[in-house]
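Peer 1: Mind looking at a prediction? Sequence and model below.
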Amino acid sequence: MRSSRLLSILLLLQTRRQLTARELATELDVSLRTIYRDVEALAAAGVPVYADQGRAGGYRLVDGYRTHLTGLTEQEAAALFLVGLPGPAAALGLTQQTSAAELKLLAALAPDQRDRAGRLKNRFHLDIPAWYHDAEDSPHLAAVAEAVLHDRRIEVVYRRWQEPREVERTLEPHGLVLKNGNWYVVAAAPQGIRTYRVSNILQLTPTDGEFSRAPGFDLSRYWQDHLDEFEQRRFTDQAVVRISAQLVPRLTDLAATSLLKAISDTGAEPDAAGNITVAVPIESLSNAVAQLVRFGAGVEVLEPQSLRDEFARFARSLLELYSSLENSGARMHDSDFTDPF
């Protein structure tokens, strides 16, 4: 443990030129006293490290000194793909490994290359979860990742949509996918290779049983095929809607992606009143109501009639729910139901 920390101090000083004892202690999550002892140990071992005194001082290496002890450990090499992704790395329990791997990579670069890499790191940041959606809490993620890395089976209790809701499965996890802040494990089971949402794993029991990966399995290709199939299964019908002239210029601000895509794909143009009529794919009647009702009277469903009827039922249920306003003496006027757009 100490040897790893000494190497980290050496590489930190090599890549950042000068650091105070407090900065080193913060970086390595140790006490100042530990840093003082470690620096003394480095100096005793012949490493040319010295301290600049004063407010702008700190520990430095003699100019021109470089170490080439930058070999990656097995775990650090495995964590390389997460360098620059601190959130996913932390979720997988690989923060320390990715930090060490990044540090060793920087130390292996020439000074001008290292400066450029540092500028890129400080100027670009990837934030994966979508707006208004926090990343899911997946307490079993680290255990799933461990099984993925070592090709070991896991036994899980999984919550699904169909009845029975909770099922027991023995999974052979082939890979993990992070999409919009949500983790999915692609795993083989008696039912075949399937995709499971990690946050829906209620219980997980690791096993020592190893498995052989499916021949020729490619995670990226599988995921793209899965997305394509999901889109085909997801949209089973379409609705013809009229978008009001008041709503059209606000579609981008409202993140109305399905409406914007339908307009773009069909090249629909506004009519004389500025309204746009377009067909949009829908999953089901209830889902379509949930997706379109947020636009209020800015979107009118023209077809199918069954969806218009579903909207009418939804509106009646709201009116019934809030009819207590009228019973309590509150008066509703026609102006209360004007187009909000």
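Peer 2: Looks like it arrived, so ask away.

Peer 1: Dig out what the nearest residue to E23 once chain neighbours are set aside forms beta bridges with.
Peer 2: Computed as CB to CB, 6 or more residues apart in numbering, the closest residue to E23 that is not its neighbour in sequence is G58, at 7.2 Å. (C-beta placed from N, C-alpha, C; glycine too.) Listed by DSSP bridges, the beta-bridge partners for G58 are D52.

Peer 1: and G58, what is it in contact with?
Peer 2: Neighbour list for G58: Q18, L19, T20, A21, E23, A51, D52 [criterion: CB atoms under 8 Å, 6 or more residues apart in numbering].

Peer 1: which one of those residues is nearest P270?
Peer 2: The nearest member of the contacts of G58 to P270, counting by CB to CB, is E23 at 59.6 Å.

Peer 1: right, and the helix or strand after the helix or strand the closest one falls within?
Peer 2: Element membership for E23, per DSSP states H and E: helix 21-28. Next helix or strand after helix 21-28 toward the C-terminus (DSSP H and E): helix 32-44.

Peer 1: coming back round to it: between the contacts of G58, which is closest to R159?
Peer 2: Nearest member of these to R159, counting by CB to CB, is E23, at 45.4 Å.

Peer 1: Show me the domain layout of this protein.
Peer 2: 2-123, 141-233, 237-327 (automatic domain parsing).

Peer 1: between those, which gets the lowest average pLDDT?
Peer 2: Among these, domain 2-123 carries the lowest mean pLDDT, a mean of 72.

Peer 1: Please name every helix or strand in contact with the helix holding E23.
Peer 2: The contact analysis (3 or more CB pairs under 8 Å, 6 or more residues apart in numbering; DSSP states H and E) places helix 21-28 against helix 2-16, helix 32-44, strand 58-61.

Peer 1: Give me the angle between it and helix 32-44.
Peer 2: 100 degrees (axes from the mean of the first three to the mean of the last three CA atoms, to 10 degrees).

Peer 1: Buried by neighbour count: which residues of helix 21-28 qualify?
Peer 2: Neighbour counts over helix 21-28 (16 or more other CB atoms under 10 Å) mark A21, L24, A25, E27, L28 as buried.

Peer 1: how about the first one, what does it touch?
Peer 2: Each residue near A21 by CB under 8 Å, 6+ apart is listed here: L32, I35, Y36, V39, G58, Y59.

Peer 1: Would you mind checking those residues for buried ones?
Peer 2: So, by 16+ other CB under 10 Å, the buried ones in these are I35, V39, G58, Y59.

Peer 1: Relative to L19, how far out is the last one?
Peer 2: In this structure, Y59 and L19 are 6 Å apart, going by CB to CB, to the nearest Å.

Peer 1: Do I have it right that Q246 meets G298?
Peer 2: Yes. Under the criterion of CB atoms under 8 Å, Q246 makes contact with G298 at 6.4 Å.

Peer 1: Comparing those two, which residue is more hemmed in?
Peer 2: When Q246 and G298 are compared for neighbours, G298 comes out ahead with 24 against 14, by other CB atoms under 10 Å.

Peer 1: if we can go back for a sec, any chance of the buried ones among the contacts of A21 in TSV, with distance to R165 too?
Peer 2: Supplementary listing: those in TSV, determined by distance: CB to CB, whole Å:
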residue	distance to R165
I35	53
V39	58
G58	58
Y59	58
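
Peer 1: Counting residues, what is the longest strand that this structure contains?
Peer 2: Scanning the chain for the longest strand, with DSSP state E as the assignment, gives strand 166-179.

Peer 1: What helices and strands are in contact with that strand?
Peer 2: Applying 3+ CB pairs under 8 Å, 6+ apart, one finds that strand 166-179 contacts helix 141-150, strand 152-159, strand 182-189, strand 192-197, helix 219-234.

Peer 1: highest average neighbour count across these?
Peer 2: strand 182-189 (a mean of 20; mean count of other CB atoms under 10 Å).

Peer 1: That strand packs against which elements?
Peer 2: helix 141-150, strand 166-179, strand 192-197, helix 219-234.

Peer 1: Sweet, I'm off.
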